[in-house]
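Colleague: Pasted the sequence and its predicted model underneath.
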Amino acid sequence: MAFPITNYHTHTSRCKHAQGTDRDYVQQAVDSGYQVLGFTDHVAWPFSDGFVSPVRMDAGQMPEYAASILKLKEEYAGRLSIHLGAECEYFPDYLPWLQEQREALGLEYLILGVHYPPNEEGWPQFAAATTPEELEQYTDVALAGMESGLFACLCHPDLPLKSYPKFDAHARNMSEILCRRARELDLPLEYNLAGHRLRGESKGWGYTSDEFWTIAAQYGCKAIIALDAHQPEVIGQVADIAGAREKLTALGLQVLDRLPGLD
């Protein structure tokens, strides 16, 4: 490859919907010629009523997660640059706890993945959105998270299109609002290859959508390509990264190889 091979969106089995060991992901990255691998498992939240999420780490797993990734970071130094991060919702009630965990565990970066409003308990995922009102709600939550200054990028920015029936005026409005604000904040948008791979299985329009990324190009947004890996073998799909890079560059987008603020 003529460009650095990097992925800043990698999960672990702790989130209850990924497979493989941490080392499996790292070794696959080394075997595939990566320069950078960032781990961003779904961060835990200390839900007030004891609710246990079925799609993210438990709070008690956070220290072990950090220790495991940092140990691999040290072991593979010189062969692969490993970064410890987390994929986070924008849950305002729990942001002080998140800041404490970031400092205590040495999380190097956070990425914003808006799946739920406002704290997951009893709410449907935005991936199941089918109404304009749900698109508007997603837009409001995503904007608040983007403007918080906590996050290195916005993951799968067009996620609600997974089930939304068509790319209509409401979908366009959501896209334009998010892209305009991302450009103003100089916040990268993530071109999510997991969504791209699964578009054929979507009930609605699907993400990652060409329509959204055409608008992102028109607004002059920066893109970061991510595999959103939930299985070690996905890390080996380097050709998909190359194809996405070629596509986005042809649209006129600036494609980042590395997330700002990380070596």
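Modeller: Received, thanks.

Colleague: middle-most residue in the chain, spatially?
Modeller: Cys155 (3.5 Å; CA atoms, centre = their mean).

Colleague: Just the CA atoms of stretch 219-232, as PDB, please.
Modeller: C-alpha atoms of stretch 219-232 as PDB (Å, rounded to 0.1, in the frame of the first residue of the first chain):
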ATOM      1  CA  TYR A 219     -19.000  20.900   2.800                       C
ATOM      2  CA  GLY A 220     -15.300  20.200   2.800                       C
ATOM      3  CA  CYS A 221     -15.300  17.700   5.600                       C
ATOM      4  CA  LYS A 222     -12.400  15.500   6.700                       C
ATOM      5  CA  ALA A 223     -12.800  11.800   6.600                       C
ATOM      6  CA  ILE A 224     -11.200   8.900   8.600                       C
ATOM      7  CA  ILE A 225     -11.800   5.400   7.300                       C
ATOM      8  CA  ALA A 226     -12.600   2.700   9.900                       C
ATOM      9  CA  LEU A 227     -13.300  -1.000   9.800                       C
ATOM     10  CA  ASP A 228     -15.300  -1.000  13.000                       C
ATOM     11  CA  ALA A 229     -13.900  -4.400  13.500                       C
ATOM     12  CA  HIS A 230     -15.800  -6.900  15.700                       C
ATOM     13  CA  GLN A 231     -13.800 -10.000  14.500                       C
ATOM     14  CA  PRO A 232     -10.000 -10.300  14.000                       C
END
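
Colleague: To what extent is Asn217 buried, counted in neighbours?
Modeller: Let me fix one detail, which is that residue 217 is Ala and not Asn. Counted with other CB atoms under 10 Å, residues neighbouring Ala217 total 18. Bear in mind the C-beta positions are built from the backbone N, C-alpha and C, glycine included.

Colleague: so which strand or helix has it?
Modeller: Under the criterion of DSSP states H and E, Ala217 resides in helix 210-218.

Colleague: which residues of the protein fall in helices?
Modeller: With helices called from DSSP state H, the chain shows them at 22-31, 62-75, 95-105, 132-147, 169-185, 193-197, 210-218, 238-251.

Colleague: looking at the ones you listed, which is closest to Lys16?
Modeller: For the helices of the chain, distance to Lys16 was read as CB to CB. The smallest value, 12.9 Å, belongs to helix 62-75.

Colleague: what does that closest one contact?
Modeller: 12, 14, 22-23, 26, 39, 41, 43-44, 57, 82-84, 101, 105-107 (CB atoms under 8 Å, 6 or more residues apart in numbering).

Colleague: Name the nearest residue to Trp97, sequence neighbours excluded.
Modeller: Pro46 (5.7 Å; CB to CB, 6 or more residues apart in numbering).
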